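>>> heads up, no residue letters with this:
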């Protein structure tokens, strides 16, 4: 079983920045570098949506159009950590954010492509 533990988040004003982190652990985590990692979010009364993803090995990154240019996803395999740096935050970014891991290594934009999930972290942006 792989466990993902998130940290970061909170409440900020519009145009400010926040950083989310997610650390992986567990007996099923033989090679963290082989997992694709991603961040999703769920706003009130909306479905969970893809925010950003980073593939295994190549480290190729992918972003939703709504965050491209403002958010940056990165990973540090030696520490089994993935980070989401969020700049120039907007009220529309208010949501619960989730990190996710896909053991198949490729980034999926659908939540069905991920087997493991973090506990969720609230991000609130006030305008």
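Yep, that arrived. Worth saying up front: this structure is predicted, and the values here are computed from it rather than measured. Residues are numbered from 1 along each chain as shown.
>>> Not counting sequence-adjacent ones, nearest residue to the residue most central in space within the chain?
Geometric centre of the chain, nearest residue: residue 39, 2.2 Å, by CA atoms, centre = their mean. Nearest residue to residue 39, sequence neighbours excluded (CB to CB, 6 or more residues apart in numbering): residue 51, at 4.4 Å. The way it works is simple: take the backbone N, C-alpha and C, and place the C-beta from them, glycine included.
>>> And the next helix or strand past the helix or strand the one you found falls within?
Following DSSP states H and E, the helix or strand that holds residue 51 is strand 49-54. Downstream of strand 49-54, the first helix or strand assigned by DSSP H and E is strand 61-63.
>>> pLDDT wise, what is the residue nearest to the centre of the chain at?
pLDDT recorded at residue 39 is 98.
>>> so what's it up against?
20, 22, 51-53, 73, 82, 84, 97-100 (CB atoms under 8 Å, 6 or more residues apart in numbering).
>>> again, but for residue 26
Shown in contact with residue 26 (CB under 8 Å, 6+ apart): 1-3.
>>> Going by neighbour count, list what's buried in whichever strand or helix holds the residue nearest to the centre of the chain.
Taking DSSP H and E as the criterion, residue 39 maps to strand 36-42. Under the neighbour-count criterion of 16 or more other CB atoms under 10 Å, strand 36-42 has 36-41 buried.
>>> now those in TSV, with distance to residue 114?
Below are the buried residues of strand 36-42 laid out as TSV (distance: CB to CB, whole Å):
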residue	distance to residue 114
36	8
37	9
38	7
39	11
40	8
41	14
